[in-house]
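> show me the folded form of this:
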Amino acid sequence: MDRHLEGFLEMLAAERGASPNTLKAYGRDLADFAAHVRAAGERPAAAGAATLRDYMASLSRRGLSARTASRRLSCLRQFHLHLLREGIRRDDPCLHLDAPRMAPALPRLLSEQEVDRLLAACAAGGPLPPRRQPVALAAIEILYATGLRISELLALRRDALRGEAPMLLVRGKGGRERVVPLSDAARAAADAVLRARDPADADTAPGQAASPWLFAGRNPRRALSRQGFDLILAEAGRCAGIAPERLSPHVLRHSFASHMLARGADLRALQMLLGHADIATTQIYTHVLAERLAKLVEAHHPLSDHDTGS
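Okay, the predicted model is just below:
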């Protein structure tokens with residue numbers, strides 16, 4: 001990889017605390033950009049504005065979505081700002097690039113009844129392997145009770161639930177910490193996972209310490225992987241009659257947020273619970289507030305029972 005691209009990624013890791021997944025995504029985007037620039041006979045750190053415009057146009061020609069193109073433009077803007085700060089360039093070729101227009105996308109959600117079915121299916125077990133049934137129930141209970149990101153859930157250590165404290169300390173994006181309340185049902189389900197594993201994990205050799213993770217992987221020294229959890233969640237969804245394409249950890253996070261707002265939660269409090277740095281990110285859920293207000297007007301407005309035929 002080009003040394004300037006590597007320097008940018010190193011800066012993201014060292015100064016901004018970017019996660020490994022974020023660095024991989026940025027690396028893929030920059031590698032695609034670099035290939036386009038080199039085909040035009042230029043170097044990534046010296047590409048002109050015309051080359052960048054052509055690159056952005058090529059994304060549309062290749063059928064990439066506006067959301068993907070917007071993410072890549074954001075990556076390029078940050079890269080070129082880095083070059084300016086480091087004195088590698090004296091100009092910013094991204095200044096006059098327009099962001100792709102995107103229709104506002106509303107998050108996919110489960111209804112409260114579907115979440116109840118999902119939890120009931122996990123509690124019943126069904127075709128879930130006995131060793132994974134308590135993991136499925138605890139993970140889904142915690143995701144829906146707290147709105148955690150899947151990376152935050154899988155990073156929970158077994159001592160995170162020590163004691164009877166009703167709050168959970170979570171380390172989120174950029175190393176930012178926040179405290180979220182944990183329901184009694186979620187705590188009980190997590191305790192069941194630990195009881196099933198104690199005094200040591202089933203796969204742990206005699207004399208070896210138990211896994212430090214709340215949700216351990218096949219190798220107890222490692223946390224459960226995202227791919228491993230996706231398989232568990234998909235199986236739980238099939239037990240509950242929910243199509244796999246409608247179910248993901250992020251859908252549970254969206255469902256938590258939307259259901260909280262629908263039941264009267266404050267937007268600022270929800271921002272804190274979700275760990276959003278900017279409340280603008282949280283405002284995508286205000287469509288739920290609009291629906292709730294419309295129902296309130298319909299139910300309580302003095303003209304709502306007016307009989308036009310009388």
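
> in the chain, which segments are predicted with low confidence?
Of all residues in the chain, those with pLDDT under 70 make up the ranges 102-107, 162-163, 165, 198-209, 287-293, 296, 304-310.

> okay, now the domains of it?
3-85, 112-295 (automatic domain parsing).

> dump those into a markdown table; add mean neighbour count and distance to Pro100 as well.
Glycine gets a C-beta too; all of them are placed from N, C-alpha and C. Output for the domains of the chain, formatted as a markdown table (neighbours: other C-beta atoms under 10 Å; distance: least, C-beta to C-beta, whole Å):
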| stretch | mean neighbour count | distance to Pro100 |
| --- | --- | --- |
| domain 3-85 | 16 | 4 |
| domain 112-295 | 17 | 18 |
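
> ok but Ala189 is inside a helix, no?
Yes: counting by DSSP: H, G, I helix; E, B strand; the rest coil, Ala189 is found in a helix.

> for Pro93, find the nearest of the domains of the chain.
domain 3-85 (4.0 Å; C-beta to C-beta).

> residues contacting the residue positioned nearest the centre of the chain?
Nearest to the mean C-alpha position of the chain, by C-alpha atoms, centre = their mean, lies Arg149 at 4.5 Å. Arg149 is in contact with 172-173, 249-250, 253, 275, counting by C-beta atoms under 8 Å, 6 or more residues apart in numbering.

> how close does it sit to Arg171?
11 Å (C-beta to C-beta, to the nearest Å).

> what do you get for Arg158?
Counting by C-beta to C-beta - Arg158 and Arg171 are separated by 15 Å.

> dihedrals phi and psi, Arg171?
Arg171 has phi and psi values of phi -100, psi 110 when expressed as degrees, to the nearest 10.

> leaving out sequence neighbours, find the closest residue to it.
Glu177 (5.4 Å; C-beta to C-beta, 6 or more residues apart in numbering).

> isn't Ala240 right up against Val115?
No: in this structure, Ala240 is not within contact of Val115 by C-beta atoms under 8 Å, at 9.1 Å.

> can you classify Leu270 by secondary structure?
Relying on three-state DSSP, one would call Leu270 helix.

> for it, list the residues it contacts.
257, 260-261, 282, 285.

> quick revisit: hang on, the residue nearest to Arg171 packs against Leu169?
Yes: counting by C-beta under 8 Å, Glu177 does reach Leu169; the two are 6.3 Å apart.

> and the contacts of Leu270 as CSV, adding secondary structure?
Converted to CSV, the contacts of Leu270 look like this (three-state DSSP):
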residue, secondary structure
Ala257, helix
Met260, helix
Leu261, helix
Thr282, helix
Tyr285, helix
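
> which one of the residues you listed is nearest Phe8?
Thr282 (29.0 Å).

> where's the closest one relative to Cys239, distance?
From Thr282 to Cys239 the distance is 32 Å (C-beta to C-beta).

> can you check Ala35 too?
Taking C-beta to C-beta, one finds Ala35 at 44 Å from Cys239.

> now do Ser211
26 Å.

> now Ala66
Taken as C-beta to C-beta, the span from Ala66 to Cys239 is 36 Å.
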